[in-house]
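**Q** Quick one, what's the 3D model for this:
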Amino acid sequence: MLVMLILILQDSIYGQSLKGESFRLFKLNVPEIKVPDDYKYYDFELKNNVGNILVNIDGEKSPMDYKQPDITSYINRIRLYNNIYYYIPDLIIKIDGFNLEHNYYVESDSKRVGSEKVTYYTAIFDVVGSLNLKLEDKTGSVLFEERIEYRKNADKIAGDEDSGPFKDKAKAISAMVKQAPYSSSNYKSYHKEVLRNLVANLSQKLNRKAVSYYYPINENLYFFKKPEKFNFDIKFLFKDLFELKSIKKYSEDYREKFQIVSTKLRGQLLAELAKITETDKSSELKKKWVLYTNLGNIEYALGNIEKAQEYLNLSRELKVYKNYHGLFDLINRK
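**A** Alright, predicted model coming up:
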């Protein structure tokens, strides 16, 4: 189970008497490739494509009048998290086989019109960028290699004013070729977008495969520290957790410190829970709800989903705050 980590973001209010603090979750990326811990330096080897951009019209390729772009400046933006760019590298990122291509093709859809089966064609214009990525160590061993691609759907056409939807494949392709933006300014805009996203895909793939780091996910937890309208203030317990926000998210210290802080907080919350003996009082039930919900959040953040579900069930059985669905929604997405 990947360890989830927490970063404070903002306040959020549920109802008039329940105030929670919103925390964004981070996950630890566990790389597929084991890179030695003392490998801290990396460099690039790039071979640009000196040919022309190709146009592929329904499978038939030919060179355009435009040269393949130099991608050096894009590649130089790539960074390996927790590593240092250096001319005497432990890791070599090799990139070649770059190709930018304009594609024209059709997609078909058959429908029955009366007793007749009719096929309609939609012509599509794509700009596709691709390249070969290889990661080697300083001994020459290949750690992984893969071809990376990014495709931009630039335009499409399904018919014309004269004849309506296209029923002929060749006519659809011809119409798309005529409609395509042949101006160099439009081409440059498409090419830049493809290159940016292609290199972003490369960078993400490289780091996910070979680097241990933390990345944000679209999940928030709500910790309850001082519910209003009754005397229960436990915000002092969360001091250490809040201080984690000052740690750089890619830091190797993050995981260790979160484990220490969360274990301590869990114990403190359980100690507060043990103090509650009068379970027939409304105020005591609310305290239990707060503690169960916070404990569920801690377990969820640690990746202990089954334990988080147990605390969620206990909190819902109390029927205190029926409109709160935060932890319930997160668990049920799994």
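**Q** which one is residue 125 nearest to, not counting chain neighbours?
**A** residue 155 (4.4 Å; C-beta to C-beta, 6 or more residues apart in numbering). All C-beta spots, glycine's among them, are computed from the backbone N, C-alpha and C.
**Q** shaky segments in the stretch 151-300 of the chain?
**A** Along the stretch 151-300 of the chain, the model assigns pLDDT under 70 to residues 181-185, 214-232, 245-253, 255.
**Q** Now do the strands in it.
**A** Along the stretch 151-300 of the chain, the segments classed as strands by DSSP state E, counting those that start in this stretch run 159-160, 164-165, 213-223.
**Q** for residue 97, what are its contacts?
**A** Counting by C-beta atoms under 8 Å, 6 or more residues apart in numbering, residue 97 makes contact with 47, 49, 130, 131, 132, 147.
**Q** Mind doing that once more with 10 Å?
**A** Contact partners of residue 97, counting by C-beta atoms under 10 Å, 6 or more residues apart in numbering, are 47, 49, 130, 131, 132, 133, 134, 147, 148.
**Q** May I ask you to confirm that the residue nearest to residue 125 is in contact with residue 124?
**A** Yes - applying C-beta atoms under 10 Å as the test, residue 155 and residue 124 come out as touching, 7.4 Å apart.
**Q** Go through the contacts of residue 97 and name the one nearest residue 160.
**A** Among those, residue 130 lies closest to residue 160 (C-beta to C-beta), at 32.0 Å.
**Q** thinking again about what came up before, list residues touching both of residue 155 and residue 124?
**A** Common contacts of residue 155 and residue 124 (C-beta under 10 Å, 6+ apart): 104, 176.
**Q** Dihedrals phi and psi, residue 45?
**A** phi -130, psi 110 (degrees, to the nearest 10).
**Q** what pairs with it across the strands?
**A** Beta-bridge partners for residue 45, by DSSP bridges, are residue 94.
**Q** I figured it was touching residue 92, is that so?
**A** Yes - with contact defined as C-beta under 10 Å, residue 45 reaches residue 92; the gap is 5.8 Å.
**Q** Between these two, tell me which one has more neighbours.
**A** Between residue 45 and residue 92, counting by other C-beta atoms under 10 Å, residue 92 is the more crowded of the two (16 against 13).
**Q** Leaving out sequence neighbours, find the closest residue to that one.
**A** Closest to residue 92 by C-beta to C-beta, 6+ apart is residue 136, at 4.7 Å.
**Q** again with residue 154
**A** residue 125 is the one closest to residue 154 (C-beta to C-beta, 6+ apart), at 5.0 Å.
**Q** roughly how far apart are residue 33 and residue 140?
**A** Going from residue 33 to residue 140 by C-beta to C-beta, to the nearest Å gives 16 Å.
**Q** ok, these two, which is more surrounded?
**A** Ranked by neighbour count (other C-beta under 10 Å), residue 33 and residue 140 place residue 33 first, with 12 against 7.
**Q** Hmm, the more buried one is touching residue 135, no?
**A** Yes - if you go by C-beta under 10 Å, residue 33 and residue 135 touch, sitting 7.6 Å apart.
**Q** What are the buried residues along the lengthiest helix in the chain?
**A** For the chain, the longest helix by residue count, based on DSSP state H, is helix 184-210. Neighbour counts using 16 or more other C-beta atoms under 10 Å place 187, 190-191, 194-195, 198-199, 201-203, 206-207, 209-210 of helix 184-210 among the buried residues.
**Q** what's the farthest-apart pair in those?
**A** 187 and 210 (34.2 Å).
**Q** ok, back up a step: what is in contact with residue 45 and residue 92 at once?
**A** Common neighbours of residue 45 and residue 92 (C-beta under 10 Å, 6+ apart) are 134, 136.
**Q** Show me the beta-bridge partners of residue 157.
**A** residue 123.
**Q** and the gap between it and residue 104?
**A** 11 Å.
**Q** quick one, which of the two is more surrounded?
**A** The residue with more neighbours, out of residue 157 and residue 104, is residue 104; 21 against 18, by other C-beta under 10 Å.
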